[in-house]
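Enquirer: sequence and predicted structure, then a few things I'm wondering about:
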Amino acid sequence: MTPETEQDLAVVSRGFIEAKSNYDSLLQKQTQSQLATSLGQQYQGQQFRIIDPPKLPDKPSAPNRFLISLIGLSLGIILGLSIATYLELTDVRFRHEKDLEGIIPARLLVGIPRLSTPKEDVSHLMVRFMECGAVALMALLIFVGNLYAYYNG
């Protein structure tokens, strides 16, 4: 009879443990409900209302993109002119007859002109046209970028 009694005791113990955990769960829920009810009654007359809702600013306070783009443009122009001046001053090629007069004591008797073919002329003309187009495009992009920075912040 001992094994049957042990089994009955195990079943009763298991039922007791389940009932106790269920009771604890219900007791905890009741406590939370009472706490929520008391908090609701305490703050019943108080309601929060937003009097002045926040607004987005019209333009950002920082960074000033227009000023930054103007500074970048001016620094780019100064840097480009500085590099061009340096390269021009350090270049030792002779381009004109006058360049030789100070270096060679003798007089220049004959100058040979540069002869080019029609194909080279067209090639130089196309290169010049593309350079002018690139400069115009860059100027347009800089202008449009500065306008965009000015109107958008």
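Expert: Looks like it came in fine.

Enquirer: now the strands for this structure?
Expert: With DSSP state E, there are no strands along the chain.

Enquirer: lowest-pLDDT helix or strand in it?
Expert: Among the secondary structure pieces of the chain, namely its helices and strands, helix 97-101 has the lowest mean (mean pLDDT, DSSP states H and E), a mean of 77.

Enquirer: and for it, what's in contact with it?
Expert: Under the criterion CB atoms under 8 Å, 6 or more residues apart in numbering, residues 94, 108, 111 lie in contact with helix 97-101. The way it works is simple: take the backbone N, C-alpha and C, and place the C-beta from them, glycine included.

Enquirer: and with 10 Å instead?
Expert: Residues outside helix 97-101 that contact it (CB atoms under 10 Å, 6 or more residues apart in numbering): 92-94, 106-108, 111.

Enquirer: buried stuff in that helix?
Expert: Neighbour-count burial for helix 97-101, with 16 or more other CB atoms under 10 Å as criterion, is recorded at no position.

Enquirer: tell me the gap between it and the middle of its chain.
Expert: Between the centre of helix 97-101 and the centre of its host chain there is 54 Å, according to CA atoms, centre = their mean, to the nearest Å.

Enquirer: among the contacts of helix 97-101, name the buried ones.
Expert: Applying a neighbour-count criterion of 16+ other CB under 10 Å, no member of the contacts of helix 97-101 counts as buried.
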